[in-house]
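> Below: sequence and its predicted model.
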Amino acid sequence: MNHINDYAFFIAIPVFIVLKLLEIYIGWKDDKQNYLTKDTLVNISSGLIYFFISLITKSFKLLIFFLAYDNLRIFTIDYTIWWSWLILFFLDDLTFYWGHRIAHSVSFYWASHVVHHSSQYFNFSTALRKTWTYDATGHFLFWIWLPILGFHPLQVFSMITLNFIYQYWIHTEKVGKLPKPIELIFNTPSHHRVHHGSDLKYLDKNHGGVLIIWDRLFGTFQEEEESPNYGLTTNINSNNLFKVEFHEWQGLLKRIKNSKDMFTGIKYLVMPPGWSHDKSTLSTKELRQLEKSHSKN
(Lines give C-alpha, C1' and ligand atoms only; values in the text may rest on other atoms or scores of the structure.)
Protein backbone atom coordinates (compact mmCIF):
# COMPACT_ATOMS: atom_id res chain seq x y z
CA MET A 1 0.00 0.00 0.00
CA ASN A 2 2.97 2.32 0.51
CA HIS A 3 3.30 2.54 -3.29
CA ILE A 4 0.33 4.95 -3.25
CA ASN A 5 2.54 7.58 -1.63
CA ASP A 6 5.32 6.98 -4.14
CA TYR A 7 3.03 7.05 -7.19
CA ALA A 8 1.18 10.10 -5.92
CA PHE A 9 4.35 12.14 -5.52
CA PHE A 10 5.76 10.80 -8.81
CA ILE A 11 2.67 12.10 -10.60
CA ALA A 12 2.19 15.23 -8.48
CA ILE A 13 5.67 16.77 -8.84
CA PRO A 14 5.53 17.31 -12.64
CA VAL A 15 1.94 18.54 -12.25
CA PHE A 16 3.14 21.04 -9.62
CA ILE A 17 5.82 22.30 -12.01
CA VAL A 18 3.41 22.62 -14.95
CA LEU A 19 0.87 24.51 -12.84
CA LYS A 20 3.55 26.90 -11.58
CA LEU A 21 4.80 27.59 -15.12
CA LEU A 22 1.21 28.13 -16.27
CA GLU A 23 0.60 30.54 -13.41
CA ILE A 24 3.73 32.52 -14.35
CA TYR A 25 2.65 32.58 -18.01
CA ILE A 26 -0.85 33.83 -17.17
CA GLY A 27 0.64 36.51 -14.93
CA TRP A 28 3.05 37.57 -17.67
CA LYS A 29 0.27 37.65 -20.26
CA ASP A 30 -2.02 39.72 -18.01
CA ASP A 31 0.89 41.80 -16.70
CA LYS A 32 -0.20 40.81 -13.17
CA GLN A 33 2.63 38.86 -11.62
CA ASN A 34 2.02 38.00 -7.99
CA TYR A 35 5.39 36.68 -6.95
CA LEU A 36 8.88 37.86 -6.06
CA THR A 37 11.81 35.77 -7.25
CA LYS A 38 13.58 35.79 -3.85
CA ASP A 39 10.36 34.86 -2.08
CA THR A 40 9.75 32.02 -4.53
CA LEU A 41 13.28 30.69 -4.00
CA VAL A 42 12.65 30.66 -0.23
CA ASN A 43 9.43 28.72 -0.83
CA ILE A 44 11.12 26.12 -3.03
CA SER A 45 14.14 25.77 -0.72
CA SER A 46 11.87 25.40 2.30
CA GLY A 47 9.84 22.72 0.51
CA LEU A 48 12.88 20.74 -0.61
CA ILE A 49 14.40 20.65 2.88
CA TYR A 50 11.00 19.74 4.33
CA PHE A 51 10.80 16.84 1.86
CA PHE A 52 14.18 15.44 2.94
CA ILE A 53 13.33 15.88 6.63
CA SER A 54 10.04 14.05 6.08
CA LEU A 55 11.93 11.12 4.54
CA ILE A 56 13.89 10.83 7.79
CA THR A 57 10.93 11.24 10.15
CA LYS A 58 8.50 9.08 8.17
CA SER A 59 9.89 5.80 9.53
CA PHE A 60 9.62 7.04 13.11
CA LYS A 61 6.03 8.20 12.62
CA LEU A 62 5.08 4.94 10.97
CA LEU A 63 6.62 3.04 13.87
CA ILE A 64 4.47 4.99 16.34
CA PHE A 65 1.35 4.40 14.25
CA PHE A 66 2.07 0.69 13.87
CA LEU A 67 2.60 0.35 17.63
CA ALA A 68 -0.78 1.99 18.20
CA TYR A 69 -2.41 -0.16 15.51
CA ASP A 70 -0.93 -3.45 16.77
CA ASN A 71 -1.53 -2.85 20.48
CA LEU A 72 -4.45 -0.45 20.85
CA ARG A 73 -6.76 -0.79 17.85
CA ILE A 74 -10.47 -1.16 18.57
CA PHE A 75 -11.49 -2.63 15.22
CA THR A 76 -9.70 -4.06 12.20
CA ILE A 77 -10.88 -2.14 9.15
CA ASP A 78 -10.12 -3.89 5.87
CA TYR A 79 -8.33 -1.45 3.58
CA THR A 80 -9.25 -3.55 0.51
CA ILE A 81 -12.90 -2.52 0.91
CA TRP A 82 -13.76 0.67 -0.98
CA TRP A 83 -15.95 2.18 1.73
CA SER A 84 -13.06 2.10 4.21
CA TRP A 85 -11.28 4.64 1.98
CA LEU A 86 -14.40 6.80 1.77
CA ILE A 87 -14.85 6.84 5.56
CA LEU A 88 -11.14 7.47 6.07
CA PHE A 89 -11.27 10.39 3.63
CA PHE A 90 -13.83 12.19 5.79
CA LEU A 91 -12.14 11.29 9.09
CA ASP A 92 -8.71 12.35 7.82
CA ASP A 93 -10.06 15.65 6.52
CA LEU A 94 -11.87 16.29 9.81
CA THR A 95 -8.63 15.56 11.66
CA PHE A 96 -6.76 17.94 9.38
CA TYR A 97 -9.33 20.65 10.10
CA TRP A 98 -8.90 20.39 13.88
CA GLY A 99 -5.14 19.95 13.69
CA HIS A 100 -4.92 23.00 11.46
CA ARG A 101 -7.27 25.03 13.64
CA ILE A 102 -5.26 24.16 16.76
CA ALA A 103 -2.08 25.16 14.92
CA HIS A 104 -3.63 28.63 14.65
CA SER A 105 -4.85 28.78 18.25
CA VAL A 106 -1.97 27.29 20.29
CA SER A 107 1.30 29.22 20.19
CA PHE A 108 3.45 26.10 20.54
CA TYR A 109 2.11 24.77 17.23
CA TRP A 110 1.81 28.20 15.62
CA ALA A 111 5.57 28.66 16.03
CA SER A 112 5.91 25.95 13.37
CA HIS A 113 2.86 26.67 11.22
CA VAL A 114 3.58 30.40 10.97
CA VAL A 115 6.24 29.56 8.37
CA HIS A 116 3.56 28.69 5.83
CA HIS A 117 1.83 32.04 6.37
CA SER A 118 4.92 34.24 6.35
CA SER A 119 4.98 35.00 2.62
CA GLN A 120 3.32 38.24 1.53
CA TYR A 121 2.60 36.64 -1.84
CA PHE A 122 0.06 33.97 -2.72
CA ASN A 123 0.91 31.61 -5.55
CA PHE A 124 1.58 27.94 -6.19
CA SER A 125 5.08 28.18 -4.75
CA THR A 126 3.59 29.40 -1.44
CA ALA A 127 2.22 25.88 -0.98
CA LEU A 128 5.83 24.66 -0.77
CA ARG A 129 6.76 26.97 2.12
CA LYS A 130 6.74 24.28 4.79
CA THR A 131 7.88 24.20 8.38
CA TRP A 132 10.75 21.91 9.33
CA THR A 133 9.68 21.54 12.97
CA TYR A 134 6.11 20.18 12.83
CA ASP A 135 7.18 16.60 13.47
CA ALA A 136 9.35 17.71 16.39
CA THR A 137 6.24 19.19 18.05
CA GLY A 138 4.38 15.89 17.74
CA HIS A 139 1.68 17.47 15.60
CA PHE A 140 1.36 14.22 13.61
CA LEU A 141 -0.09 12.59 16.75
CA PHE A 142 -3.43 14.28 16.03
CA TRP A 143 -3.90 11.47 13.47
CA ILE A 144 -2.99 8.59 15.78
CA TRP A 145 -6.64 7.99 16.70
CA LEU A 146 -7.19 6.63 13.18
CA PRO A 147 -4.95 3.54 13.52
CA ILE A 148 -6.31 3.11 17.06
CA LEU A 149 -9.80 3.09 15.54
CA GLY A 150 -8.63 0.35 13.16
CA PHE A 151 -7.36 1.91 9.93
CA HIS A 152 -4.08 0.48 8.69
CA PRO A 153 -1.19 2.97 9.23
CA LEU A 154 -0.13 2.84 5.57
CA GLN A 155 -3.71 3.57 4.54
CA VAL A 156 -3.73 6.56 6.90
CA PHE A 157 -0.43 7.86 5.53
CA SER A 158 -1.69 7.43 1.96
CA MET A 159 -4.79 9.50 2.71
CA ILE A 160 -2.71 12.20 4.43
CA THR A 161 -0.52 12.37 1.32
CA LEU A 162 -3.49 12.70 -1.04
CA ASN A 163 -4.95 15.46 1.14
CA PHE A 164 -1.58 17.22 1.09
CA ILE A 165 -1.38 17.01 -2.72
CA TYR A 166 -4.90 18.40 -3.18
CA GLN A 167 -4.01 21.52 -1.26
CA TYR A 168 -1.31 22.57 -3.71
CA TRP A 169 -3.71 23.80 -6.37
CA ILE A 170 -5.71 26.06 -4.02
CA HIS A 171 -2.67 28.34 -3.52
CA THR A 172 -3.29 30.72 -6.41
CA GLU A 173 -4.89 34.03 -7.33
CA LYS A 174 -5.33 32.95 -10.95
CA VAL A 175 -8.50 30.95 -10.23
CA GLY A 176 -11.55 32.98 -9.31
CA LYS A 177 -14.66 31.74 -7.58
CA LEU A 178 -15.93 28.41 -8.86
CA PRO A 179 -19.59 27.32 -9.30
CA LYS A 180 -21.57 27.55 -6.06
CA PRO A 181 -21.94 23.79 -5.42
CA ILE A 182 -18.15 23.41 -5.51
CA GLU A 183 -17.58 26.46 -3.30
CA LEU A 184 -20.20 25.13 -0.90
CA ILE A 185 -18.49 21.78 -0.31
CA PHE A 186 -14.82 21.97 -1.28
CA ASN A 187 -11.88 24.08 -0.22
CA THR A 188 -11.07 26.28 -3.21
CA PRO A 189 -8.54 28.99 -4.09
CA SER A 190 -11.11 31.60 -3.04
CA HIS A 191 -11.56 30.03 0.39
CA HIS A 192 -7.83 29.52 0.87
CA ARG A 193 -6.98 33.09 -0.10
CA VAL A 194 -9.07 34.08 2.90
CA HIS A 195 -7.10 31.68 5.09
CA HIS A 196 -3.82 33.34 4.08
CA GLY A 197 -5.18 36.85 4.58
CA SER A 198 -3.75 39.03 7.35
CA ASP A 199 -6.80 41.29 7.51
CA LEU A 200 -8.60 41.01 10.84
CA LYS A 201 -11.84 39.72 9.29
CA TYR A 202 -9.88 36.92 7.60
CA LEU A 203 -7.65 35.83 10.48
CA ASP A 204 -8.03 32.20 11.62
CA LYS A 205 -10.71 31.36 9.07
CA ASN A 206 -11.18 28.52 6.56
CA HIS A 207 -9.01 25.79 8.09
CA GLY A 208 -10.32 22.99 5.87
CA GLY A 209 -8.12 20.69 3.81
CA VAL A 210 -10.12 19.23 0.94
CA LEU A 211 -13.55 20.11 2.30
CA ILE A 212 -14.84 23.47 3.53
CA ILE A 213 -17.87 21.89 5.21
CA TRP A 214 -16.04 21.66 8.56
CA ASP A 215 -15.55 25.43 8.67
CA ARG A 216 -19.20 25.97 7.87
CA LEU A 217 -20.17 23.43 10.54
CA PHE A 218 -17.86 24.69 13.32
CA GLY A 219 -18.18 28.43 12.73
CA THR A 220 -14.83 29.32 11.18
CA PHE A 221 -15.99 29.99 7.62
CA GLN A 222 -15.45 33.35 5.97
CA GLU A 223 -16.43 34.22 2.41
CA GLU A 224 -13.85 35.99 0.26
CA GLU A 225 -15.04 39.55 -0.15
CA GLU A 226 -12.31 42.10 -0.88
CA SER A 227 -8.89 40.80 -1.94
CA PRO A 228 -6.84 39.81 1.12
CA ASN A 229 -3.54 41.26 2.21
CA TYR A 230 -1.26 38.26 2.59
CA GLY A 231 1.32 37.48 5.23
CA LEU A 232 1.32 38.05 8.97
CA THR A 233 -0.15 40.82 11.09
CA THR A 234 3.48 41.81 11.69
CA ASN A 235 5.55 40.69 8.72
CA ILE A 236 9.14 39.56 9.15
CA ASN A 237 10.21 41.27 5.88
CA SER A 238 13.03 38.82 5.28
CA ASN A 239 14.03 36.29 2.65
CA ASN A 240 16.55 34.68 4.97
CA LEU A 241 15.51 31.03 4.92
CA PHE A 242 16.50 30.36 8.52
CA LYS A 243 14.80 33.49 9.82
CA VAL A 244 11.64 32.45 7.98
CA GLU A 245 11.80 28.99 9.59
CA PHE A 246 12.77 29.91 13.14
CA HIS A 247 11.78 33.54 13.83
CA GLU A 248 8.63 32.61 15.76
CA TRP A 249 10.42 30.01 17.87
CA GLN A 250 12.98 32.67 18.77
CA GLY A 251 10.23 35.12 19.71
CA LEU A 252 8.30 32.51 21.70
CA LEU A 253 11.37 31.49 23.72
CA LYS A 254 12.12 35.15 24.39
CA ARG A 255 8.59 35.75 25.69
CA ILE A 256 8.83 32.71 27.95
CA LYS A 257 12.22 33.81 29.26
CA ASN A 258 10.92 37.29 30.05
CA SER A 259 7.69 36.07 31.66
CA LYS A 260 7.18 36.89 35.35
CA ASP A 261 6.75 33.29 36.53
CA MET A 262 6.61 29.66 35.36
CA PHE A 263 2.81 29.64 35.04
CA THR A 264 2.91 32.66 32.72
CA GLY A 265 5.68 31.01 30.73
CA ILE A 266 3.52 27.92 30.22
CA LYS A 267 0.62 30.13 29.14
CA TYR A 268 2.80 31.56 26.38
CA LEU A 269 3.04 28.02 25.00
CA VAL A 270 -0.65 27.14 25.12
CA MET A 271 -2.43 30.46 24.63
CA PRO A 272 -3.28 31.77 21.13
CA PRO A 273 -0.67 33.63 19.06
CA GLY A 274 -0.46 37.29 20.05
CA TRP A 275 -1.55 36.69 23.64
CA SER A 276 0.55 38.49 26.25
CA HIS A 277 0.22 38.78 30.01
CA ASP A 278 0.53 42.58 29.89
CA LYS A 279 -1.63 43.14 26.78
CA SER A 280 1.34 44.53 24.88
CA THR A 281 0.23 42.26 22.05
CA LEU A 282 -3.22 40.83 21.44
CA SER A 283 -4.68 37.59 20.12
CA THR A 284 -7.10 37.54 17.19
CA LYS A 285 -10.06 37.21 19.57
CA GLU A 286 -8.85 40.19 21.63
CA LEU A 287 -8.30 42.26 18.50
CA ARG A 288 -11.85 41.55 17.36
CA GLN A 289 -13.24 42.44 20.78
CA LEU A 290 -11.27 45.69 20.68
CA GLU A 291 -12.57 46.51 17.21
CA LYS A 292 -16.12 45.74 18.33
CA SER A 293 -15.84 48.02 21.35
CA HIS A 294 -14.45 50.84 19.18
CA SER A 295 -17.31 50.44 16.68
CA LYS A 296 -19.83 50.81 19.51
CA ASN A 297 -18.17 54.01 20.66
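Cool, got the structure. Residues are numbered from 1 along each chain as shown.

> Determine the set of other helices and strands touching the host helix or strand of residue 90.
If you go by DSSP states H and E, residue 90 is part of helix 82-105. In terms of contacts (3 or more C-beta pairs under 8 Å, 6 or more residues apart in numbering; DSSP states H and E), helix 82-105 is packed against helix 107-117, helix 145-149, helix 153-166, helix 213-218. Placement of C-beta: from N, CA and C, glycine included.

> So for residue 241, which of those helices sits nearest?
Of all the helices and strands packed on helix 82-105, helix 107-117 sits nearest to residue 241, with 10.1 Å by C-beta to C-beta.

> and the angle from that closest one to helix 82-105?
Calculated by axes from the mean of the first three to the mean of the last three C-alpha atoms, to 10 degrees, helix 107-117 forms an angle of 100 degrees with helix 82-105.

> now helix 107-117: mean pLDDT?
Confidence for helix 107-117, expressed as mean pLDDT, is 98.

> Return the distance of it from the chain's centre.
9 Å (C-alpha atoms, centre = their mean, to the nearest Å).

> For it, enumerate the helices and strands it packs against.
Contacting helix 107-117 under the criterion 3+ C-beta pairs under 8 Å, 6+ apart are the following elements: helix 82-105, helix 134-137, helix 241-257, helix 262-270.

> Which one of those lies nearest to residue 154?
Across the helices and strands packed on helix 107-117, closest to residue 154 is helix 82-105 (C-beta to C-beta), at 11.5 Å.

> residues making contact with that closest one?
77-79, 109-110, 112-113, 139, 142-143, 145-146, 149, 151, 155-156, 159-160, 163, 204, 207-211, 214-215, 218, 220, 272-273 (C-beta atoms under 8 Å, 6 or more residues apart in numbering).

> among the residues you listed, which ones are buried?
Buried by 16 or more other C-beta atoms under 10 Å: 77, 79, 109-110, 112-113, 139, 142-143, 146, 149, 151, 155-156, 159-160, 163, 204, 207-211, 214-215, 220, 272-273, out of those.

> Nearest the geometric middle of this protein, what residue?
residue 100 (5.7 Å; C-alpha atoms, centre = their mean).

> in the helix holding residue 90, what's buried?
Buried, per 16+ other C-beta under 10 Å, within helix 82-105: 84-85, 88, 91-97, 99-105.

> Helix or strand with the lowest mean pLDDT in the chain?
helix 3-30 (a mean of 63; mean pLDDT, DSSP states H and E).

> where does residue 74 sit relative to residue 261, distance-wise?
42 Å (C-beta to C-beta, to the nearest Å).
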